[in-house]
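J.: Model the structure of this input:
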Amino acid sequence: MPVSSANQLSLLSKLSQQFATSNDIEQSLRFALTEVVSIVGAEAGSVFILNRAKTQLICGACEGPIDISGLKIDAKEGIVGNVVQTRQGKITDNKDPDFTSFVDKKTGFSTKNLVTAPLMVDDDCLGAVQLINATSRHGKFSLDSLETLKILASIAALAYRNAELTATAIEQTRIKREVELAREVQQSLLDLEPPLDGSIAGVNIAAREVSGDFYSVSEFIPGKVHFCIADVSGKGAHAGIMMARVATLWRMMAKQDMELNTLVSKINTEILETNFRGMFCTFVAGVVENNTVFFSNAGHEPILQYDGRDFSQIASTHPPLGITAWKDSPPIHSLPLEDGTVYMYTDGITDGLTKYGVPLTLDGLTSTIREVYVLPPEIQATAISRRVSFDEARLKDDVTLLVIGPQQH
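T.: The predicted model follows:
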């Protein structure tokens, strides 16, 4: 029996209201199917949605004697697959060459005829809606049946897309908040209390919201300024978690004023006992006391000292934290600050791209230090970091730098 215009308008009104007022897209689809099956006259109906990879069609809602919710078929299989690929509605029966008896064999249902319409939003096909076995006295679907089904298809497609966008927005907001919280927690673990005389300054610019680099400066014990600088392999949340672990261990042990090489060795042992799935951390722990920098280096970049004329550098002799157990502790080095300012940095400095699109390199870093050496440590640190962080949106690695100048008495 033909579907009247009045019935189509009534259906349009009901479906529009349902999808507009409900946040449950699956419930709305089931409601819509029930209405369309009743108005058109069909034994069963189903809505198939394409997965994200567009390789499978998944039944998101169904109406009729057999529940096929969750059923998965190939995106090119059967009448539904054909309609999705061609993006054209279709009235057909079980003699159609595209018809497959897969679902019938699986469920025991007997399909005689079908009407199917694609779920379209602009030029994007999200899936298809299908009615099976017309219950009219003629036992066939008509063009009116297809047009009525298209009403459901158009409203359902738009509602489903809006639901996807809403869910994505909610998830992005949740992730953003979690990252913000992680960043706040990360920052709370770092002591950034450089001496009031301005003799120590640092910069940490994250390539992502959560940094894998870090430095910390604090006077846990009067007359001794403890510091560290580190670079965790990788970026993002996983690097941030390992960073937080290393920072916490350093803070706890530095407060005990243990020997630097012992401190670094103990942190390495602790990291090895924690499964970080192949991640590692280059690390320097140090103390400034009596105008001298003492430090122990585990796989970090070479430590530089510049006296206004020449550079000296001390390379690490031990691998980073978290790679292997050490037979002996890394040595403790000392650099009198009367011999020049000390510079510690991560590879985000030397590997970072300048405004000319080329890496700064170690030569570029030393050249920059020569230019800014006479300035206070805070200004030096900012000027050096700006060579590779002039556009933070382009950063591919975290940028961290620590500048330690002579103590002012």
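J.: need the next SSE after the longest helix seen in the chain, C-terminal direction.
T.: Scanning the chain for the longest helix, with DSSP state H as the assignment, gives helix 143-188. Following helix 143-188 in sequence order, the next helix or strand is strand 200-205 (DSSP states H and E).
J.: if you average pLDDT over that following strand, what comes out?
T.: The pLDDT scores in strand 200-205 average 89.
J.: for it, packing partners?
T.: The contact analysis (3 or more Cβ pairs under 8 Å, 6 or more residues apart in numbering; DSSP states H and E) places strand 200-205 against strand 213-221, strand 224-232, helix 377-389, strand 399-404. Yep, even glycine has a C-beta here, placed from its N, CA and C like the rest.
J.: Tabulate these (TSV), appending mean pLDDT.
T.: Formatted as TSV, the helices and strands packed on strand 200-205 follow (pLDDT from 0 to 100):
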stretch	mean pLDDT
strand 213-221	88
strand 224-232	92
helix 377-389	92
strand 399-404	93
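J.: for the chain, which spans come out with low pLDDT?
T.: 1-23, 25, 175-176, 178-196, 208-211, 235-237, 275-276, 392-393, 408-409 (pLDDT under 70).
J.: roughly how far apart are the residue of it most remote from its centre and residue 31?
T.: Ranked by distance from the centre of the chain (Cα atoms, centre = their mean), the top residue is residue 137, with 56.6 Å. The gap separating residue 137 from residue 31 is 27 Å, by Cβ to Cβ, to the nearest Å.
J.: list the contacts for residue 106?
T.: Residues near residue 106 by Cβ atoms under 8 Å, 6 or more residues apart in numbering: residue 71.
J.: quick one: buried residues of the host helix or strand of residue 31?
T.: For residue 31, the element it lies in under DSSP H and E is helix 25-36. By 16 or more other Cβ atoms under 10 Å, the buried positions in helix 25-36 come out as 25, 28, 29, 30, 31, 32, 33, 35, 36.
J.: Is it possible to get a markdown table of the residues you listed that adds distance to residue 329?
T.: As requested, the buried residues of helix 25-36 are exported to a markdown table (distance: Cβ to Cβ, whole Å):
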| residue | distance to residue 329 |
| --- | --- |
| 25 | 60 |
| 28 | 66 |
| 29 | 65 |
| 30 | 67 |
| 31 | 70 |
| 32 | 70 |
| 33 | 71 |
| 35 | 76 |
| 36 | 75 |
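J.: what separates the helix holding residue 31 from the chain centre, distance-wise?
T.: Between the centre of helix 25-36 and the centre of its host chain there is 34 Å, according to Cα atoms, centre = their mean, to the nearest Å.
J.: go on, stretch 32-42?
T.: 43 Å.
J.: Between the two ends of that stretch, how far is it?
T.: The first and final residues of stretch 32-42 sit 13 Å from each other (Cα to Cα, to the nearest Å).
J.: domains in this protein, as residue ranges please.
T.: As given by automatic domain parsing, the domain ranges for the chain are 5-163, 185-404.
J.: Please name whichever of those domains is nearest to residue 173.
T.: Closest to residue 173 of the domains of the chain, according to Cβ to Cβ: domain 185-404, at 13.8 Å.
J.: sorry, back to before: just put the helices and strands packed on strand 200-205 in TSV and tack on distance to residue 294.
T.: TSV is the format used below for those (distance: least, Cβ to Cβ, whole Å):
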stretch	distance to residue 294
strand 213-221	13
strand 224-232	9
helix 377-389	18
strand 399-404	11
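J.: got the ones you listed as CSV, with mean neighbour count and distance to residue 93 columns?
T.: Putting the helices and strands packed on strand 200-205 into CSV (neighbours: other Cβ atoms under 10 Å; distance: least, Cβ to Cβ, whole Å) gives the following:
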stretch, mean neighbour count, distance to residue 93
strand 213-221, 21, 66
strand 224-232, 25, 63
helix 377-389, 20, 67
strand 399-404, 26, 67
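J.: hmm, back to that, out of the buried residues of helix 25-36, which is nearest to residue 253?
T.: Using Cβ to Cβ, these come closest to residue 253 at residue 25, 53.2 Å.
J.: ok, back up a step: I'd like to know which of the domains of the chain lies nearest to residue 172.
T.: Of the domains of the chain, the one closest to residue 172 (Cβ to Cβ) turns out to be domain 185-404, at 12.6 Å.
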